[in-house]
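S.K.: sequence plus predicted model, see below.
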Amino acid sequence: MSMRISELAQSTGVSLPTVKYYLREGLLPAGRATAATQADYDQTHVERLRLVRALADVGGLSLTSVRRVLQTLDAGDDQVPYAIGEAHTALGDAQSGLHADPAAPPLRAITLLQRLGWYTYDSAPALGQLEAALDAVDQVGIPPSDSVLDSYAAAALSIAETDIDGIPLDQEGAHGAGIPGGAVGFVVLATVLYEPILLALRRLAQAHVFAQRYEEPSRPGH
């Protein structure tokens, strides 16, 4: 089904000036030219536009980071370990808000992973994020104990196993599920779009545990 740019904007709930901006910036592919100043768009444009908005609005990525993610998705890859590395590299520290010193090796983060027995690679962006996070909590006087870090690591490992178990190993299956970029697409999108769910659940869980232990809990809808 083809549509004009105004219909594309209307069907996705994105303003027409924003759609035109995405076209100029290359975040949205050009439509099929029908005249010197007119073009038709189809369902692939609808899906790409919704993806861009999800990455920017839900994932909180800058348009520069959105562009990097889209480039990774468009490249695609059915090599799952490589896909995961590409996904995390593309995302970088866009979501964490933590900016590690690139000149300083993340020694504490590496030491922690070695103690946990986790595999990683030296260029992993999350190493710098972890180092910066550990420095930040130290500076405000609430350094985590080894037992706290171990508990966090165990929870993270369980979540990671759920994430990896959900990766569509079959490129065709991934595309069939409407995921651009196959395995790398799944990893990127799940990382960007599921992390807000994880963060919200953590906060709600804190409220739940506190209410259970210290006050009469109130339940949603009551």
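M.R.: All right, it came through fine.
S.K.: contacts and neighbour counts: CA atoms only from here.
M.R.: OK.
S.K.: which residues in this protein form helices?
M.R.: For the chain, helices defined by DSSP state H occupy the ranges 5-12, 16-25, 43-53, 63-75, 80-91, 107-116, 125-139, 146-165, 171-176, 182-214.
S.K.: look up how far residue 136 lies from the residue lying closest to residue 56 once chain neighbours are set aside.
M.R.: The shortest distance from residue 56 to any non-neighbouring residue, by Cα to Cα, 6 or more residues apart in numbering, is to residue 62 (6.3 Å). Distance from residue 62 to residue 136, counting by Cα to Cα, to the nearest Å: 23 Å.
S.K.: do the same with residue 189
M.R.: On the measure of Cα to Cα, residue 189 and residue 136 end up 28 Å apart.
S.K.: of these two, who's got more company?
M.R.: More crowded of residue 189 and residue 136, by other Cα atoms under 10 Å: residue 189, with 22 against 14.
S.K.: pLDDT score for the residue at minimal distance from the centre of the chain?
M.R.: Nearest residue to the geometric centre of the chain (Cα atoms, centre = their mean): residue 192, 1.4 Å. The pLDDT attached to residue 192 in the predicted structure is 79.
S.K.: tell me the contacts of the closest residue to it other than its chain neighbours?
M.R.: Sequence neighbours aside, residue 59 is the residue nearest to residue 192 in space, at 5.1 Å (criterion: Cα to Cα, 6+ apart). Neighbouring residues of residue 59 by Cα atoms under 8 Å, 6 or more residues apart in numbering: 95, 192, 193, 195, 196.
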